[in-house]
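Undergrad: Show me how the following folds:
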Amino acid sequence: MRAKSATVRKVLGDAKYNSIEVSKLINRVMLDGKKSVAEKQVYKAIELIATKTKQDGLEALKTALAVIAPKMEVRSRRIGGAAYQVPMPVSPRRQFSLAIRWLVTCAESRTNKDYHSFGEKLAAEVVDALNNTGGAIKKRDDIHRMADANKAFSHFRW
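TA: Reported below is the predicted structural model:
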């Protein structure tokens with residue numbers, strides 16, 4: 001058990017939309033401290049999302065993050081020398097964190113000649129998430145499937 005829980009830092013909204021979600025996405029996309037480059041790519045992605053979905057890009061992004069967010073996950077728990085995968089509900093902060101992480105990593109792993117920038121990859125991943133397809137949704141489904149398969153161990157929840 002920890003002596004003291006970690007302090008949660010307050011993140012300010014981004015420059016264009018004043019949104020905490022966009023700000024956290026920019027921070028996740030950023031490489032080598034180049035925030036302005038990350039901002040350009042994320043804003044480009046939001047504009048592309050707006051043109052592809054014909055709705056507000058920011059709202060579409062928030063909806064996609066809500067769709068990607070996992071509700072249950074498995075956590076390892078040692079009982080009597082054996083490690084069990086115990087399904088547990090995911091806290092809202094961790095849901096959001098995982099959703100952003102999966103969105104960015106799946107966008108990064110997209111390889112195709114159709115994409116010229118990371119912004120286009122990110123936009124494509126968000127549009128796929130809204131259509132319930134894509135890498136991030138597959139990741140969420142895998143996590144849910146694992147939790148469902150280990151339902152027998154749910155009585156070990158602490």
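Undergrad: List the buried residues for stretch 36-53?
TA: With burial defined by 16 or more other CB atoms under 10 Å, the residues of stretch 36-53 counted as buried are Ala38, Glu39, Gln41, Val42, Tyr43, Lys44, Ala45, Ile46, Leu48, Ile49, Ala50, Thr53. C-betas here are computed from N, CA, C, even on glycine.
Undergrad: which residues in this protein form strands?
TA: Across the chain, reading from the start of the chain, the strands by DSSP state E fall at 72-79, 82-89.
Undergrad: Show which residue of the protein lies farthest from the average position.
TA: No residue in the chain has its C-alpha farther from the mean C-alpha position than Gly80, which lies at 34.5 Å (CA atoms, centre = their mean).
Undergrad: Next, count neighbours for the nearest residue to Arg77 once chain neighbours are set aside.
TA: Counting by CB to CB, 6 or more residues apart in numbering, the nearest residue to Arg77 once its immediate chain neighbours are dropped is Val86, at 4.6 Å. Here the number of neighbours of Val86 (other CB atoms under 10 Å) works out to 21.
Undergrad: With Asp148 instead?
TA: So Asp148, with other CB under 10 Å, has 11 neighbours.
Undergrad: List the contacts of it.
TA: Met72, Pro87 (CB atoms under 8 Å, 6 or more residues apart in numbering).
Undergrad: how far away is the residue nearest the centre of the chain from Pro92?
TA: By CA atoms, centre = their mean, the chain has its centre lying nearest to Ala99, at 1.6 Å. As defined by CB to CB, to the nearest Å, Ala99 lies at a distance of 11 Å from Pro92.
Undergrad: With Ser117 instead?
TA: For Ser117, the distance to Pro92 equals 31 Å [CB to CB].
Undergrad: who has more neighbours, those two?
TA: Ser117 (13 against 9).
Undergrad: So that one is in contact with Glu47, correct?
TA: No - using CB atoms under 8 Å as the test, Ser117 is too far from Glu47 to be in contact (12.0 Å).
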